[in-house]
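**Student:** Need coordinates for the below:
(one chain, ligands or ions: 2)
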Amino acid sequence: RGRLEFSDVCFAYPTRKEAPIFQNLNLLVPAGSVMAVVGPSGSGKSTLVSLLLRLYDPNTGLITIDGHDIRDLNPYWLRSNIGTVSQEPVLFSCSIRDNIAYGVLDPNAVTTEEIHRVARAANAYDFIQAFPSGFDTVVGEKGVLLSGGQKQRIAIARALLKNPKILLLDEATSALDADNEFLVQEALERLMEGRTVLIIAHRLSTIQNANAVAVLDQQRIVECGQHTELLSNR
Ligand code: ADP
Ligand code: ADP
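**Tutor:** Ligands and ions are numbered 1, 2, ... in the order given. Model prediction:
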């Protein structure tokens, strides 16, 4: 379960009807596979994400998960079955534990064991007692400055706890320093295991572990194939 499909999707932003972003976009991500979408800036990668998260709906065409039109799905079901890790991890003014549990329907029902399990898998266990810095007034404690990679590992622990069918990695490793890139990469690989994954990336080099790569340009998918094929075509 977790097959994702965009079928003949046409979309223009309401403010720019004259300039459609997608014209008959088709993309199939089989359940449990890893699909990367690459494309130059302005090619519509963020728009694709917005459509999947239903910030906008297509003008025509369909987006389906396991054959269900996402417009017919319960919004809670949709939100809890699409996990996102993006370039800028979002942390909230609360403890790391609460940051990991953030967004689950009933945070109080989450056990300490579960939090520790996902924190370990995300390589975030070592600093689980810390408070993100900048929130001193809110948490009444001296905040700890977390590195970009540590914040990213907290976001990964949060996604692991949610246990979504579909995982959206939006430039998830593009803003990291070499220092902790391995720890983030390892955590991401654990998160990807057994899920349908859509990776959004600028560079082909960041997506070696994808089963297939779709190249987005000029309002549609212009090429789709294996990573090695696409590299050798260039
Ligand atoms: P990418 O993520 O690949 O850089 P985007 O999806 O952000 O591409 O942008 C695709 C096109 O849509 C661009 O021409 C951009 O200017 C336009 N665009 C993005 N967001 C909006 C918006 N909210 N309203 C109108 N046009 C937008
Ligand atoms: P079911 O017991 O049939 O899985 P739920 O009561 O869990 O249904 O469904 C809640 C919402 O989630 C419904 O809108 C249903 O259509 C949707 N849903 C359930 N399973 C899936 C799935 N595998 N893919 C897409 N949508 C689903």
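
**Student:** switch to C-alpha atoms for all contacts and neighbour counts from now on
**Tutor:** Will do.

**Student:** Beyond the lowest-mean-pLDDT helix or strand in the chain, next helix or strand please.
**Tutor:** Here the helix or strand of the chain ranked lowest by mean pLDDT, DSSP states H and E is helix 136-139, holding a mean of 43. Following helix 136-139 in sequence order, the next helix or strand is helix 148-162 (DSSP states H and E).

**Student:** So S33 versus S174, what's the distance?
**Tutor:** Remark: distance between S33 and S174 (C-alpha to C-alpha, to the nearest Å) = 21 Å.

**Student:** More neighbours: the two, which one.
**Tutor:** Counted by other C-alpha atoms under 10 Å, S33 and S174 do not tie: S33 has more neighbours, with 21 against 15.

**Student:** Quick one: residues contacting the more buried one.
**Tutor:** Neighbouring residues of S33 by C-alpha atoms under 8 Å, 6 or more residues apart in numbering: R195, T196, V197, A210, N211.

**Student:** Can you check the pLDDT for the last one?
**Tutor:** You'll see N211 listed with a pLDDT of 86.

**Student:** Looks like it contacts V34 (just checking).
**Tutor:** Yes - taking contacts as C-alpha atoms under 8 Å, N211 lies within contact range of V34: 5.2 Å.

**Student:** which one of the two has more residues nearby?
**Tutor:** Counted by other C-alpha under 10 Å, N211 and V34 do not tie: V34 has more neighbours, with 22 against 15.

**Student:** The more buried one: what's it in contact with?
**Tutor:** Applying C-alpha under 8 Å, 6+ apart, the residues near V34 are T196, V197, L198, I199, N209, A210, N211, A212.

**Student:** beta partners for it?
**Tutor:** According to DSSP bridges, the partner residues bridging V34 are V197.

**Student:** quick one: is stretch 185-200 near ligand 1?
**Tutor:** No - between stretch 185-200 and ligand 1, judged by C-alpha under 6 Å from any ligand atom, nothing touches; the nearest distance is 8.7 Å.

**Student:** Quick one: check that stretch for contact with ligand 2.
**Tutor:** No - Stretch 185-200 is not in contact with ligand 2 by C-alpha under 6 Å from any ligand atom; minimum separation 12.2 Å.

**Student:** Over to that stretch now: how far is its first residue from its last?
**Tutor:** 15 Å.

**Student:** for stretch 1-18, same thing?
**Tutor:** End-to-end distance (C-alpha to C-alpha), stretch 1-18: 37 Å.

**Student:** for that stretch, the distance to its chain's centre please.
**Tutor:** In terms of C-alpha atoms, centre = their mean, to the nearest Å, the centre of stretch 1-18 is found 18 Å from the chain centre.

**Student:** So which bits of the chain are right by ligand 2?
**Tutor:** R1, I65, D66, H68, L73, N74, W77.

**Student:** Next, format those as CSV and append pLDDT and neighbour count.
**Tutor:** Formatted as CSV, these follow (pLDDT from 0 to 100; neighbours: other C-alpha atoms under 10 Å):
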residue, pLDDT, neighbour count
R1, 82, 12
I65, 97, 22
D66, 97, 13
H68, 96, 14
L73, 96, 13
N74, 94, 9
W77, 91, 11
